[in-house]
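Peer 1: here's my sequence, what's the structure:
(chains A and B)
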Amino acid sequence: MKRMSMIFRAKASKALDKAEDPRETLDYSYQKQLEMLQKVRRGVADVATSRKRIELQATQLQQQSEKLQGQAQQALSGGREDLAREALTRRAGLQQQITDLQAQHAQLQGEEEKLTMASQRLQAKVEAFRTRKETIKATYTAAEAQTKINEAFSGISEEMGDVGMAVQRAEDKTATMQARAGAIDELIASGALDDASGQPSDDIARELDQLSAGQSVDSELEAMKAQLGQGSEPPAIEGESGRSSAPTAQQAEQEGKS
Amino acid sequence: MIVRILGEGQFDVDESHLDALNELDAKVEAAVDGKDESAFRPALAGLLDAVREWGSAVPDDTLVDSDLILPPADAEVDEVVALLGDEGLIPDAL
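Peer 2: Predicted coordinates for the structure are as follows:
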């Protein structure tokens, strides 16, 4: 730990040794500070981009999840418990992914805040350094400047090291999430997320879609029958009306398929 | 003394807190030595919280070197091993 601040200082004094006029190192260091400031600002922007991407993905997955929920309800009311179960299973898979995305989102938000603060701190320190630099250049000869320059460097090189590490950490974290986000984007694009198990859109998904369409056809037919004054209920065979609806829906399904 | 929490900034902590900080530091050190991630997290949080509580934030436009540098709050055990000297994070004397 102590060792680390030594490393920052060693780097700073190495830069000092190179210049013949020590005052030149002030400008050189200031240039480096401005570069670091740009780097940390780019870091903030990069993290924000990743965060927004994850927000978008979470919204898309949420919509898909709601669609499956609706389909499960339709399937159940159509007497297709097997399909309803399948839809809910897929929905559970999506929910898991949404939870993961939310955790990633929180992490990125934390990184974004940290980097924003780091950027503000560094900016204030760079400005303080610039003031000292101008004073030293205006007031001291090359021979006198060394001590003042060492004082000017105190703190700033350490801050640069800290900010550099913070940017690196944020980049590492974002890179991992970018890779995962890329994979999810591909899944969304391919439509494979209709199926949380990762397989391409399949018979079950088609059947669920058909069921949705069939339901709306059924309800339109019901409405038309009602208008024509026909009874919408088929005659109950065993006198237990609750059981008769399932076979009816299956019949409708069969007719829809042929 | 000036303490830097990496990724967070510098704090001015009165040296009278050094002993108390060293006690908290010992817990971090023990967790790191034992590679005990579950003990490490609360130990590090305790040390950093103490610095934040006892210290006052150094103004952003102040240029000063730190006497101590502490790992970021989300550091992993392995990262801290890389930062640690023989004396733990807080040296026995400044």
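
Peer 1: show me what from chain B comes close to chain A.
Peer 2: B:4, B:6-9, B:59-66, B:68-72, B:74, B:83-85, B:87, B:89, B:91 (Cβ under 8 Å from any Cβ of the partner chain). Using the backbone N, CA and C atoms, a C-beta is placed for each residue, glycine as well.

Peer 1: tell me which residue is most central in the chain.
Peer 2: Going with chain A. Centroid check for chain A by Cα atoms, centre = their mean gives A:I54 as the closest residue, at 2.1 Å.

Peer 1: correction: the question concerned chain B.
Peer 2: Centre-nearest of chain B using Cα atoms, centre = their mean is B:L70, 3.7 Å out.

Peer 1: wait, doesn't that residue sit right on B:G7?
Peer 2: No: assessed by Cβ atoms under 8 Å, B:L70 is found out of contact with B:G7, at 10.0 Å.

Peer 1: buried residues in the helix or strand hosting B:L24, which are they?
Peer 2: Per DSSP states H and E: B:L24 is located in helix B:18-33. For helix B:18-33, the neighbour count (16 or more other Cβ atoms under 10 Å in any protein chain shown) marks B:L18, B:L21, B:N22, B:L24, B:D25, B:K27, B:V28, B:E29, B:A31, B:V32 as buried.

Peer 1: got the buried residues for the lowest-mean-pLDDT helix or strand in chain B?
Peer 2: For chain B, using mean pLDDT, DSSP states H and E, the weakest element among its helices and strands is helix B:77-83, scoring a mean of 80. Buried residues in helix B:77-83, counting neighbours by 16+ other Cβ under 10 Å, are found at B:V77, B:E79, B:V80, B:L83.

Peer 1: residues contacting the third one?
Peer 2: Shown here is B:V80, whose contacts under the criterion Cβ atoms under 8 Å, 6 or more residues apart in numbering or on different chains are B:V28, B:V32, B:F40, B:L44, B:P71, B:L89.

Peer 1: swap in 7 Å and give it another go.
Peer 2: Applying Cβ atoms under 7 Å, 6 or more residues apart in numbering or on different chains to B:V80 gives the contacts B:V32, B:P71.

Peer 1: and for the second one?
Peer 2: Going by Cβ under 7 Å, 6+ apart, B:E79 touches B:P71.

Peer 1: how about the first one?
Peer 2: By Cβ under 7 Å, 6+ apart, the residues touching B:V77 are B:V32, B:K35, B:E37, B:F40.

Peer 1: low-confidence ranges in the stretch 51-200 of chain A?
Peer 2: Counting by pLDDT under 70, the ranges of the stretch 51-200 of chain A that qualify are A:191-200.

Peer 1: which bits of it sit near chain B?
Peer 2: A:114, A:118, A:120-121, A:124-125, A:127-129, A:154-156, A:158, A:162, A:165-166 (Cβ under 7 Å from any Cβ of the partner chain).

Peer 1: got a list of contacts for stretch B:44-61?
Peer 2: Contacts for stretch B:44-61 (Cβ under 7 Å, 6+ apart): A:120-121, A:124-125, A:127-128, B:2-3, B:5, B:9-14, B:17, B:20-21, B:24-25, B:27-28, B:64, B:70-71, B:73, B:75.

Peer 1: give me the buried entries from these.
Peer 2: For the contacts of stretch B:44-61, buried by 16+ other Cβ under 10 Å: A:121, A:124-125, A:128, B:2-3, B:5, B:9-11, B:13, B:17, B:21, B:24-25, B:27-28, B:64, B:70-71, B:73, B:75.

Peer 1: quick one: which of these sit in helices?
Peer 2: Under the assignment DSSP state H, these contribute A:R121, A:A124, A:K125, A:A128, B:L21, B:L24, B:D25, B:K27, B:V28 to helices.

Peer 1: after the helix or strand encompassing A:D162, which helix or strand is next? Please name it.
Peer 2: Element membership of A:D162 [criterion: DSSP H and E] is helix A:156-190. Next helix or strand after helix A:156-190 toward the C-terminus (DSSP H and E): helix A:203-227.

Peer 1: list the helices and strands that next one packs on?
Peer 2: Packed against helix A:203-227 by the contact rule (3 or more Cβ pairs under 7 Å, 6 or more residues apart in numbering or on different chains; DSSP states H and E) you find helix A:22-77, helix A:81-139, helix A:241-257.

Peer 1: apply 6 Å and report the result again.
Peer 2: Helices and strands touching helix A:203-227, by 3 or more Cβ pairs under 6 Å, 6 or more residues apart in numbering or on different chains; DSSP states H and E, are helix A:22-77, helix A:81-139.

Peer 1: for A:N150, which of those helices is the nearest?
Peer 2: helix A:22-77 (9.1 Å; Cβ to Cβ).

Peer 1: ok so, going back, just the closest of the buried residues of helix B:77-83 to chain A, please.
Peer 2: B:L83 (5.3 Å; Cβ to the nearest Cβ).

Peer 1: could you measure that closest one against A:L37, distance?
Peer 2: 25 Å (Cβ to Cβ, to the nearest Å).

Peer 1: now for the residues of the stretch 51-200 of chain A next to chain B: which two are most distant?
Peer 2: A:K114 and A:S154 (23.8 Å).

Peer 1: more neighbours, those two?
Peer 2: A:K114 (21 against 14; other Cβ atoms under 10 Å in any protein chain shown).
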